[in-house]
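A.B. asks: test case, fold it:
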Amino acid sequence: LLTEIFDKDGNSLYGPFPTSTFFTGMTGNCAISDDGDPIVLYDEETDRWMVSQFLASFQDGLCIAISEDGDPTGRWYQYEFDFTGIGFPDYPKFGFATGALSVMVNLFNPFQGSALGAIDKSELLAGDPATMVLFTGGEAAQLAFGWIPGDNDGPVFDNNLPTFFTNLGFSGDTIFVGELTPDWDNPENTGLAFSAIPVTPWDSDLCDGPRGACIPQPGSGTTDGAAPGPPEGTQIIAFLEGITDRMMHRGQIRDFGKRKKAILNHTVDVDGSGKAGVRWYELRNDKDAGWVLKKENTFSPDGNNRWMGSIAMTASGSTCLGYSISSSTVHPSIGITGRKGTSNHMNIRELVAFDGNVDGNVQRLTARWGDYSAMSIDPVDDTCWYTQEYARPASSIWPSQGVPFGEVFGWGTKVIQYDVEKNGNGNNG
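C.D. replies: Prediction:
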């Protein structure tokens, strides 16, 4: 698992290097483990970066690094949170609130559902021993699986509590919201309260495949002889996972003073045929009266699948939505669309930021596709930056022969800048 730091012109500043490098010199397992599910966030309120990954090889835990200032090539505070006796913290997601770093993990070994919590932000920023409160089991695990923390962008006019959102609710017509009220002096007094927001019903069942593994690429389910697998033969072109059972990263929140807004997305079956599209929501919280639905729609402008989305709102109130595109005739590609003003639909013509048909690459052997992508907002010029998986040529050498898994499966990452204010007109639905 490698990380590389670039400037905004695409020049490499450092790396590539193992993600564990952020933890070099600390005692524990984070400095020697690169187990995966990395997350990078920027906190505009304090001009700090966060990098994380989970621990699985030597113990169950979370590795979190916080930059000492706004320079990601500088020094970092290092934290290792031990989950021994709690469970394996899979699929960790985070969000910056005013006084806390919100935390969500899906607990396994044994499976316990989602756990929601927070870490004292003031302690993290100072490099002091950091207090974590974590709610396991109970209502969070009963209501849904795969929550996402609210992650604040922009200035904060009032205290933003750690807030969590989930789409599933085992109902298909409700967004559940959890708000955590930390008490860092007496952590046992920390509160977690839930509310429900009715929305238009959706269908999350793309097919009978595990994790919705039914999104086709050209040739899915066949072998083409292009990349021999172990010990011999051909590698199967996979159907890709839709992961329709959860909200997708990030759950962005913006504080506009008198009101807060949150923008969210998840993957749905658009028309009952198994075609994936992106359902998105805008929620609003006026004067802390509680979260309500303001807008919702499903983006699916043609017959191709769109999934693995990430959505964010600019400081001016426009919206950027990025996602993967694929079908039996379209190689995995990357699309971005947007919304200006108060429209109820994405009113910016789709930009195919990466056209997979040019190289014609497909993913073999595994259905896993990204698990999440990320849309972030540049605090300097209000443009959108999107990171998403794409398919590279797959290696013919197996990991046991010294090649990383990513080389075998053809995993790659694209980083794309998108200016919603300058990218066309039109109505894509």
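A.B. asks: mind listing the strands for the stretch 251-400 of the chain?
C.D. replies: In the stretch 251-400 of the chain, the strands defined using DSSP state E, counting those that start in this stretch lie at 251-255, 259-269, 276-286, 292-299, 305-313, 319-326, 333-339, 348-354, 374-377, 384-391.
A.B. asks: averaged pLDDT, stretch 290-310. What do you get?
C.D. replies: Averaging pLDDT along stretch 290-310 yields 97.
A.B. asks: buried sites along it?
C.D. replies: Neighbour counts using 16 or more other Cβ atoms under 10 Å place 291, 294-301, 304-310 of stretch 290-310 among the buried residues. Heads up, the C-betas are built off the backbone N, CA and C, glycines and all.
A.B. asks: next: stretch 204-219.
C.D. replies: Applying 16+ other Cβ under 10 Å to stretch 204-219 flags 204-206, 211-219 as buried.
A.B. asks: mean confidence score for it?
C.D. replies: pLDDT averaged over stretch 204-219 gives 89.
A.B. asks: need the residues that contact it.
C.D. replies: By Cβ atoms under 8 Å, 6 or more residues apart in numbering, the residues outside stretch 204-219 that reach it are 168, 172, 237-245, 266-269, 274, 276, 305, 307, 326-332, 360, 362-363, 367, 369, 391.
A.B. asks: re earlier: how about the buried residues of stretch 290-310, which pair is most distant?
C.D. replies: 291 and 304 (32.3 Å; Cβ to Cβ).
A.B. asks: mind listing the strands for the stretch 1-150 of the chain?
C.D. replies: Under DSSP E, counting those that start in this stretch, the stretch 1-150 of the chain gives strands at 2-6, 12-18, 39-43, 48-55, 61-67, 76-82, 88-96, 100-108, 113-120, 132-135, 148-153.
A.B. asks: now those in CSV, with distance to residue 354, mean neighbour count and mean pLDDT?
C.D. replies: Output for the strands of the stretch 1-150 of the chain, formatted as CSV (distance: least, Cβ to Cβ, whole Å; neighbours: other Cβ atoms under 10 Å; pLDDT from 0 to 100):
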stretch, distance to residue 354, mean neighbour count, mean pLDDT
strand 2-6, 17, 15, 93
strand 12-18, 20, 12, 95
strand 39-43, 20, 20, 97
strand 48-55, 25, 22, 98
strand 61-67, 29, 24, 98
strand 76-82, 31, 20, 98
strand 88-96, 25, 23, 97
strand 100-108, 29, 25, 96
strand 113-120, 32, 24, 95
strand 132-135, 38, 19, 96
strand 148-153, 25, 26, 96
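A.B. asks: looks like residue 26 contacts residue 76 (just checking).
C.D. replies: No - taking contacts as Cβ atoms under 8 Å, residue 26 lies outside contact range of residue 76: 9.7 Å.
A.B. asks: and for these two, which residues touch both?
C.D. replies: Residues touching both residue 26 and residue 76 (Cβ under 8 Å, 6+ apart): there are none.
A.B. asks: now, which of the buried residues of stretch 290-310 sits nearest residue 81?
C.D. replies: residue 310 (25.3 Å).
A.B. asks: ok, the closest one touching residue 386?
C.D. replies: Yes - the pair formed by residue 310 and residue 386 meets the contact definition of Cβ under 8 Å, at 6.9 Å.
A.B. asks: give the residues shared as contacts by those two.
C.D. replies: Shared contacts of residue 310 and residue 386, defined by Cβ under 8 Å, 6+ apart, are found at 322, 373-375.
A.B. asks: show me which of these is closest to residue 249.
C.D. replies: residue 374 (6.0 Å).
A.B. asks: give me the neighbour count for the closest one.
C.D. replies: Residue 374: 19 surrounding residues under other Cβ atoms under 10 Å.
A.B. asks: sorry, back to before: which of the buried residues of stretch 290-310 sits closest to residue 164?
C.D. replies: residue 291 (11.0 Å).
A.B. asks: switch the buried residues of stretch 204-219 over to CSV; also include secondary structure.
C.D. replies: Shown next, in CSV, are the buried residues of stretch 204-219 (DSSP: H, G, I helix; E, B strand; the rest coil):
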residue, secondary structure
204, coil
205, coil
206, coil
211, helix
212, helix
213, strand
214, strand
215, strand
216, coil
217, coil
218, coil
219, coil
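A.B. asks: reformat the residues you listed as TSV; add distance to residue 50.
C.D. replies: TSV is the format used below for those (distance: Cβ to Cβ, whole Å):
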residue	distance to residue 50
204	30
205	35
206	32
211	27
212	29
213	31
214	34
215	31
216	36
217	34
218	38
219	39
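A.B. asks: make CSV from the strands of the stretch 251-400 of the chain and add distance to residue 41 to it.
C.D. replies: Shown next, in CSV, are the strands of the stretch 251-400 of the chain (distance: least, Cβ to Cβ, whole Å):
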stretch, distance to residue 41
strand 251-255, 11
strand 259-269, 16
strand 276-286, 20
strand 292-299, 25
strand 305-313, 12
strand 319-326, 17
strand 333-339, 20
strand 348-354, 22
strand 374-377, 8
strand 384-391, 12
